[in-house]
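Q: Below: sequence and its predicted model.
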Amino acid sequence: MAYLSLAAMFGLAVSGVLLAYLLHRRTAVAPDAVASLPFLSGWRPAEHALSRFEARYYPMTLLFLAFDVEMLYMYPWATVVASIGTSAIVEMFVLLGVLMTGVLWAWREGALRWT
C-alpha cells in the first residue's frame, strides 16, 4: 500500500513536469532553444557566450571573489560589533590582515598586471 501511494506521487510529479514542458513548448515565442544569444548590450557576439577566457583573468576573478566574501562577513559583523566589543574588532583586523597578505602575494606574482 505504501508503494502504491509512492508510485502515485511519482507519476503525479512526472506528469506535472511533462505538462509544464508541453505547455512551455506550446506557448513559447521561440520554442527551439537558441544556441547563442546576443549579449554586450545587443551587439552581435564575436564568439559563443560559453567560450573560454584568457587565463590572466582568473586570478583577478579570485581576488574579486575573496573581497566579495569579505563583504558577506562584514555586514553581519557591523551589526554585532558594538555588543561583542574588542574581540570582534581584533577578529576583523586579523581577517583584513589575511586578505591583505593575499593581495600582496597576488601583486607580487603579477596577478594585477594587465599587460
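A: Cool, the structure landed.
Q: Need the single longest helix in this structure, by residues.
A: Longest helix of the chain, by residue count under DSSP state H: helix 57-84.
Q: Pick out the least confidently modelled helix or strand of this structure, by mean pLDDT.
A: Within the chain, no helix or strand scores below helix 57-84, which has a mean of 87 by mean pLDDT, DSSP states H and E.
Q: For it, enumerate the helices and strands it packs against.
A: On a contact count with 3 or more CB pairs under 8 Å, 6 or more residues apart in numbering; DSSP states H and E, helix 57-84 meets helix 86-109. C-beta: built from backbone N, CA, C; applies to glycine.
Q: Any buried residues in the helix it packs on, and which?
A: Of all the residues in helix 86-109, those buried under the rule 16 or more other CB atoms under 10 Å are Met92, Ala106.
Q: so where's this protein shaky on pLDDT?
A: For the chain, the stretches flagged by pLDDT under 70 are 30-45, 49.
Q: At the geometric centre of it, which residue do we find?
A: Most central in the chain under CA atoms, centre = their mean is Leu65, positioned 9.4 Å from the mean C-alpha point.
Q: Show me the domain layout of the protein.
A: Split into domains by the TED database, the chain comes to 1-30, 56-109.
Q: related to what we said a few turns ago, mind listing what's buried in the longest helix of the chain?
A: Neighbour-count burial for helix 57-84, counted by 16+ other CB under 10 Å, picks out Leu63, Trp77, Val81.
Q: Mind putting the residues you listed into JSON lines with distance to Ala13?
A: Shown next, in JSON lines, are the buried residues of helix 57-84 (distance: CB to CB, whole Å):
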{"residue": "Leu63", "distance to Ala13": "43"}
{"residue": "Trp77", "distance to Ala13": "43"}
{"residue": "Val81", "distance to Ala13": "47"}
